[in-house]
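1. Kindly generate the corresponding structure for this input.
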Amino acid sequence: MATSDDATSPTNIRARLGRAYDRFDADEESRHLSLLQSLRLPQDVRLAVEDAGEGRWTVTVCASDVLGALSIIAGLFTAYR
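-> Sure, this is the predicted structure:
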């Protein structure tokens, strides 16, 4: 269980991500927390993929905060559509 000083606690996640994180409901926040807490090594990555209908998908990527990782992930999504 996450403690209030744990980097993956809901309070700390919300504080780091700011108001943009307000769009997620409690169920989504819980899924995010579960994904984050399953990371063990810096190179670990967890994905949650949901069919949003009409050929669209919602993909949640959880990984360690590593410099440059987001640009690589975004680039791979672009390259592979």
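
2. need the strands for the protein, in chain order.
-> Assigned by DSSP state E, the strands in the chain fall at 45-53, 56-63.

3. which strands and helices sit next to the shortest one?
-> On a contact count with 3 or more Cβ pairs under 8 Å, 6 or more residues apart in numbering; DSSP states H and E, strand 56-63 meets helix 26-37, strand 45-53, helix 69-80. Every residue, glycine included, has its C-beta placed from N, CA and C.

4. Mean neighbour count, the strands of the chain: which tops it?
-> strand 56-63 (a mean of 13; mean count of other Cβ atoms under 10 Å).

5. Including distance to T60 and mean pLDDT, could the helices and strands packed on strand 56-63 go into CSV?
-> Below are the helices and strands packed on strand 56-63 laid out as CSV (distance: least, Cβ to Cβ, whole Å; pLDDT from 0 to 100):
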stretch, distance to T60, mean pLDDT
helix 26-37, 7, 88
strand 45-53, 4, 93
helix 69-80, 11, 92
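
6. Dump the strands of the chain into a markdown table; add distance to F24 as well.
-> Below are those laid out as a markdown table (distance: least, Cβ to Cβ, whole Å):
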| stretch | distance to F24 |
| --- | --- |
| strand 45-53 | 12 |
| strand 56-63 | 10 |
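
7. Looking at the helices and strands packed on strand 56-63, which one is packed in the most?
-> A comparison of the helices and strands packed on strand 56-63 by mean neighbour count, using mean count of other Cβ under 10 Å, puts helix 26-37 on top with a mean of 14.

8. CA atoms only for that one - export them in PDB, please.
-> C-alpha atoms of helix 26-37 as PDB (Å, rounded to 0.1, in the frame of the first residue of the first chain):
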ATOM      1  CA  ALA A  26     -11.300   7.500  -9.500                       C
ATOM      2  CA  ASP A  27     -11.400   4.100 -11.400                       C
ATOM      3  CA  GLU A  28      -8.800   5.400 -13.900                       C
ATOM      4  CA  GLU A  29      -6.600   6.800 -11.100                       C
ATOM      5  CA  SER A  30      -6.800   3.400  -9.300                       C
ATOM      6  CA  ARG A  31      -5.700   1.600 -12.500                       C
ATOM      7  CA  HIS A  32      -2.800   4.100 -13.000                       C
ATOM      8  CA  LEU A  33      -1.700   3.500  -9.400                       C
ATOM      9  CA  SER A  34      -1.800  -0.200  -9.900                       C
ATOM     10  CA  LEU A  35       0.300   0.000 -13.000                       C
ATOM     11  CA  LEU A  36       2.800   2.300 -11.400                       C
ATOM     12  CA  GLN A  37       3.200   0.100  -8.300                       C
END
